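Enquirer: Whatever this is, show me its structure:
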Amino acid sequence: MDVKKLFKKDYIIGIDIGAYSVKLAQLISKDDGLQLVKAELKDIGVSRGAESYDKELISALRYVTRGVDLKKASVIASVNCSHTSIKKVTVPYMPKSELREGIMLQAKSYFPFETGQSVLDFEVMGDVVEKGVRKYELLVGVCPLNTVNKYLALLQKADIKPASFISASYAIQVLSGHLPGKTDLAQCYIDIGELHSELIICRAGSLVFSRKLPLCGNDFTKALTGAVVSDKGRIQLSMEEAESIKRDAGMPGESDTRVISDKLSAGHILSMLRTPAENLANEIDRCFAYYREDPASIRINSVTIFGGGASLGGLVKFLSQGLGIEVKLGDALEAVKADKAAVQNGERLAHRLDLALGAALTEAKGLNLLPPEIKDETQRTIKRGTIEAVVTAVVIVSILLFVGMRIKMNNFNKRISVAKLELASLQPQFKAAQARKIAETVLVNEPYWEDVFKELGSLIPDTVRIDGFRMENQVITMSGRVESPDGQQIITDFVIKLENGLFDSVKLVQSRNLSDGTGIEFELRCWVDYE
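Expert: Residues are numbered from 1 along each chain as shown. Have a look, this model is predicted:
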């Protein structure tokens, strides 16, 4: 008898709680693999207060799970916020039982934000050898505790008990491993949500780069709320009107002369949406440039966009022209086989199900951003279920086989008692001094250039152009020019920003006026602050 089958869940459900919608993907395991039996999407209104918004979310959760026996389902939810992230890191080889404590103490080195009040988990991807030294390659995930608690409260009110929480970027990575067309070239996947956008680069389904983008669907909506003066007078759309026009008109073509919703011309809409679209293309291109700094990087083959923001008509073409690379609208349904009745309006859902389907495909394995006490409770429930199932099976067999099987039942009960004692003794106890010593070996004295580049990318003014860049002896030297008559003041402000950021000290090595009087040339030397 396979004891695991006595308490194994019948279904796997992935849930994505977005800003303006809730998505669900329900899978069942069959002989030929996982199969999609249900896919749902419920949109939520744009304008609402906090209390009514939560009520709408709970109502949407109940709607998408209607008809589903949640007691027989393992539920994995995709969670997201500005400080929910994953990072691929390499650490010295050590006993796996000691990894968690060391990683938690070094988490501040992995992420460019505070991780003290966060849930952290990791997944061992494999071993690597660097310069003859064996190391672990890890995928580390983090999510603020208040974000986790917010999702837990919403799901609890909808009578949903999650088995696992995963980050949005992890869901995209898992989904990418199931999509067809994987090659040895790198592939970029982007989820453009209403409030958050995630970019990851994968090779053969394995994560090599991830970053949050500062542009999202809401930026396109806000762009349409700007005041416009036309022959009908001054027009300013509300957020609801802007969202409706954005969905209906998308990014019109240059030759489009329509008047949309009897309010704005196609030309006005294109002009207003062009700025966020160009900013998005620039952010993606900046990610590519940073990715190419890695000596092990390979050419990016394509870009696939998912999420509600990807629905914007004309965005795929605009990004493809701006990036000079193939950009396509994603189809998450290509990752699994699906029942014919599982998905209705597939074209509307295909690119918006990526996070829900990616969550379902994790099957509660790998990273889990639920708080430790909830994970421990789940494990205790499974153990109790296992013991109860075993005892029940033994009793039934004992009755059927009479006296002879009673002896086996007693022996089995003894084994259960021994197993309980062994489980109790295997709870790891770490000494703080030992954990700190282990943590200090993780990435000690290595410059975190990723943080440096992120800082530079956000601080360089539009009028400053960097022409030269080199790193030597943990010092960055950059040269360039300021194309403005106020060059001296701009470079002074730039130096102050750098010193207030990641750099411990910044020195202006030299500066001189350009011959045509339009600006200055300069050279800066920056020392990184590692504390």
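
Enquirer: burial measure for residue 16, as a count.
Expert: Residue 16: 29 surrounding residues under other CB atoms under 10 Å. Where C-beta positions appear, they are placed from N, C-alpha and C, glycine not excepted.

Enquirer: Mind telling me what element it is part of?
Expert: strand 11-17 (DSSP states H and E).

Enquirer: strands paired with that strand, and their directions?
Expert: Using DSSP bridges, the strands paired with strand 11-17 are strand 21-30 (antiparallel), strand 73-79 (parallel).

Enquirer: so after the shortest one, what's the next helix or strand?
Expert: Going back to what we said before, that points to strand 73-79. strand 85-92.

Enquirer: Name the residue closest to the centre of this protein, please.
Expert: residue 169 (2.2 Å; CA atoms, centre = their mean).

Enquirer: Show the model's pLDDT score for it.
Expert: With respect to pLDDT, residue 169 scores 94.

Enquirer: Name the SS class of it, please.
Expert: helix (DSSP: H, G, I helix; E, B strand; the rest coil).

Enquirer: Now for it: which residues touch it?
Expert: 85, 86, 198, 200, 210, 212 (CB atoms under 8 Å, 6 or more residues apart in numbering).

Enquirer: would you list the residues you listed in TSV and tack on pLDDT?
Expert: Below are the contacts of residue 169 laid out as TSV (pLDDT from 0 to 100):
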residue	pLDDT
85	91
86	92
198	95
200	95
210	92
212	94
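
Enquirer: any chance of these in JSON lines, with distance to residue 344 too?
Expert: Listed next are those as JSON lines, based on distance: CB to CB, whole Å:
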{"residue": "85", "distance to residue 344": "34"}
{"residue": "86", "distance to residue 344": "32"}
{"residue": "198", "distance to residue 344": "27"}
{"residue": "200", "distance to residue 344": "29"}
{"residue": "210", "distance to residue 344": "32"}
{"residue": "212", "distance to residue 344": "32"}
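
Enquirer: from those residues, which single one is nearest residue 406?
Expert: residue 86 (52.6 Å; CB to CB).

Enquirer: looking at it, the closest one is touching residue 209, isn't it?
Expert: No - the pair residue 86 / residue 209 is not scored as a contact, 10.7 Å apart, by CB atoms under 8 Å.

Enquirer: Could you check which of these two is surrounded by more residues?
Expert: residue 86 (28 against 21).

Enquirer: Excluding residues flanking it in the chain, which one is nearest that one?
Expert: residue 141 (4.6 Å; CB to CB, 6 or more residues apart in numbering).

Enquirer: How about residue 70?
Expert: residue 160 (6.1 Å).

Enquirer: that's a strand at the one you found, yeah?
Expert: No - in this structure, residue 160 is coil, not part of a strand, as judged by three-state DSSP.

Enquirer: Next one: it from residue 482, what distance?
Expert: Taking CB to CB, to the nearest Å as the criterion, residue 160 is separated from residue 482 by 55 Å.

Enquirer: now residue 167
Expert: In terms of CB to CB, residue 167 sits 39 Å off from residue 482.

Enquirer: Helix or strand: which one has residue 112?
Expert: Applying DSSP H and E, one finds residue 112 in no helix or strand.

Enquirer: Is it in contact with residue 458, as I believe?
Expert: No - with contact defined as CB under 8 Å, residue 112 does not count as touching residue 458 (9.9 Å).

Enquirer: Name the SS class of residue 63, please.
Expert: Per three-state DSSP, residue 63 ends up helix.

Enquirer: what's the nearest residue to it once chain neighbours are set aside sitting at in phi/psi?
Expert: Once flanking residues are discounted, residue 63 sits nearest to residue 42: 4.9 Å by CB to CB, 6+ apart. Note on residue 42: its backbone torsions stand at phi -130, psi 120 [degrees, to the nearest 10].

Enquirer: I'd say residue 42 and residue 58 touch.
Expert: No - using CB under 8 Å, residue 42 is not in contact with residue 58; the gap is 11.2 Å.

Enquirer: Those two - which one has more neighbours?
Expert: Each of residue 42 and residue 58 has its neighbours counted (other CB under 10 Å); residue 58 has more, 19 against 16.

Enquirer: OK, contacts around the more buried one?
Expert: Taking CB under 8 Å, 6+ apart as the test, what residue 58 contacts is 154, 157, 158.

Enquirer: any idea which element residue 189 lies in?
Expert: Using DSSP H and E, residue 189 falls in strand 186-192.

Enquirer: what angle sits between whichever helix or strand comes after that strand and strand 85-92?
Expert: Of the helices and strands lying after strand 186-192 in sequence (DSSP H and E), the nearest is strand 197-203. On the basis of axes from the mean of the first three to the mean of the last three CA atoms, to 10 degrees, strand 197-203 is oriented at 40 degrees to strand 85-92.

Enquirer: Other residues contacting strand 197-203?
Expert: 80, 168-169, 172-173, 176-177, 184-191, 207-216, 280, 284, 287, 291, 298, 300, 307, 309.

Enquirer: rerun at 7 Å
Expert: 168-169, 172-173, 176, 186-191, 207-213, 215-216, 284, 287, 291, 298, 300, 309 (CB atoms under 7 Å, 6 or more residues apart in numbering).

Enquirer: Show the buried residues in those.
Expert: 168-169, 172-173, 176, 186-191, 207-213, 215-216, 284, 287, 291, 300, 309 (16 or more other CB atoms under 10 Å).
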